[in-house]
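K.L.:
would you be able to build a 3D model of this:
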Amino acid sequence: MKKILFIILLLILPLNVFAADQTIEMLNKQGKESMVYSQKIVRVNVGDTVFWKSTDKGHNVEFIRGGVPEGVDKFKTKYNVDVEYKFTIPGVYAYWCTPHKNMGMIGFVVVGDDKSNIESIKKIRYSSKSKKLAPDLISQL
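P.N.:
Residues are numbered from 1 along each chain as shown. Modelled structure (predicted):
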């Protein structure tokens, strides 16, 4: 009986690696960090939606040019609004808060565990604090 339970757990566990729809808060402060997304890396399946909640004012979401899979259109939101995006193309999506990108307000969405565009993600020209944070985050993808 224990073997059967163990096998079932092994089969179910990989399904939980990619959660369904995710919510990311845009924050002025989280712990010791300022100007951050509540989660820097999220993993979703193709067809899932990410919701960015404007918890604190003054933030937005902008996909970084060259930091999304081929075929993905430009995505840049207005400030101070809750927004969602349904991911239909697998790959890695790099994004930042336009006014706070130099302060390290960057994030990544991995869709379908597809990292085929990781080399283009590594070539993005991050600046200031984002330049220091990006390599560590990319290594976690």
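K.L.:
show me where the chain has its helices.
P.N.:
2-12, 118-122, 128-140 (DSSP state H).
K.L.:
worst average pLDDT in the ones you listed?
P.N.:
Set side by side, the helices of the chain give their lowest mean pLDDT on helix 2-12, at a mean of 44.
K.L.:
just the buried residues of stretch 78-93, please?
P.N.:
85, 87, 89, 90, 91, 92, 93 (16 or more other CB atoms under 10 Å). Backbone N, C-alpha and C define where each C-beta goes, glycine included.
K.L.:
how about stretch 31-46?
P.N.:
Buried residues in stretch 31-46 (16+ other CB under 10 Å): 33, 35, 36, 37, 40, 42, 43, 44, 45.
K.L.:
ok, which pair from those is furthest apart?
P.N.:
35 and 45 (29.1 Å; CB to CB).
K.L.:
all strands for the chain, in order.
P.N.:
Residue ranges of the strands in the chain, as given by DSSP state E, are 22-30, 33-37, 41-44, 49-53, 62-63, 83-86, 91-96, 106-111.
K.L.:
could you dump those strands to a markdown table with distance to residue 129?
P.N.:
Shown next, in a markdown table, are those (distance: least, CB to CB, whole Å):
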| stretch | distance to residue 129 |
| --- | --- |
| strand 22-30 | 15 |
| strand 33-37 | 9 |
| strand 41-44 | 17 |
| strand 49-53 | 20 |
| strand 62-63 | 17 |
| strand 83-86 | 23 |
| strand 91-96 | 11 |
| strand 106-111 | 9 |
